[in-house]
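Undergrad: What shape does this take:
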Amino acid sequence: MRLLPFILGAGLGAPLRYLIDKYFRAKFVFPAGILIVNVIGSFILGYSQDNYFVMGFCGAFTTWSAFMLDVDRNLPFRRRTVLNIVLTFGLSIAAVAAGFALAS
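TA: Numbers count the residues shown, from 1 in each chain. Coordinates of the predicted model:
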């Protein structure tokens, strides 16, 4: 029964992402909330990649579509856009690698 833990994790991840993003959007112009959830989710998934609850949680907690929407909306602000792309990719890759390393 792998589907139930996956669904439960996703049901927790999506609203948590929404709340974190909403909190940080009220405080910053930079999309810090989406950056934070993508980096944290990458770390968690790297650490516990074989857990179906964690896979569901991270799949719903992290978001490619919101990241892309932020990139598109901020294209006129080149520095902010480049910073967002570099930080999201760089920190997320480092986070998943750190998760793998800690799990080993």
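
Undergrad: Residues in contact with the host helix or strand of residue 25: which ones?
TA: Assigned by DSSP states H and E, residue 25 belongs to helix 3-27. Contact with helix 3-27 is made by 31-34, 36-37, 41, 51-63, 66, as judged by Cβ atoms under 8 Å, 6 or more residues apart in numbering. Just so you know, the C-beta spots here come from the backbone N, C-alpha and C atoms, and that holds for glycine as well.

Undergrad: The residue nearest the centre of the chain and residue 5, how far apart?
TA: Centroid-nearest residue in the chain: residue 38, 1.7 Å away (criterion: Cα atoms, centre = their mean). According to Cβ to Cβ, to the nearest Å, residue 38 and residue 5 sit 22 Å apart.

Undergrad: What are the buried residues along stretch 67-79?
TA: 67, 70-71, 74 (16 or more other Cβ atoms under 10 Å).

Undergrad: Actually, stretch 88-100.
TA: 88, 91-92, 95-96, 98-99.

Undergrad: How far away from the center of its chain is it?
TA: 11 Å (Cα atoms, centre = their mean, to the nearest Å).

Undergrad: could you dump that stretch to PDB, C-alpha only?
TA: Coordinates of each C-alpha in stretch 88-100 appear next as PDB, following Å, rounded to 0.1, in the frame of the first residue of the first chain:
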ATOM      1  CA  THR A  88      17.400  27.800  -7.000                       C
ATOM      2  CA  PHE A  89      19.500  25.500  -9.100                       C
ATOM      3  CA  GLY A  90      22.700  25.800  -7.100                       C
ATOM      4  CA  LEU A  91      21.200  25.500  -3.700                       C
ATOM      5  CA  SER A  92      18.800  22.700  -4.600                       C
ATOM      6  CA  ILE A  93      21.500  20.600  -6.200                       C
ATOM      7  CA  ALA A  94      23.700  21.200  -3.100                       C
ATOM      8  CA  ALA A  95      20.800  20.300  -0.800                       C
ATOM      9  CA  VAL A  96      20.000  17.100  -2.500                       C
ATOM     10  CA  ALA A  97      23.700  16.100  -2.500                       C
ATOM     11  CA  ALA A  98      23.900  17.000   1.200                       C
ATOM     12  CA  GLY A  99      20.800  14.900   1.900                       C
ATOM     13  CA  PHE A 100      22.300  11.900   0.000                       C
END
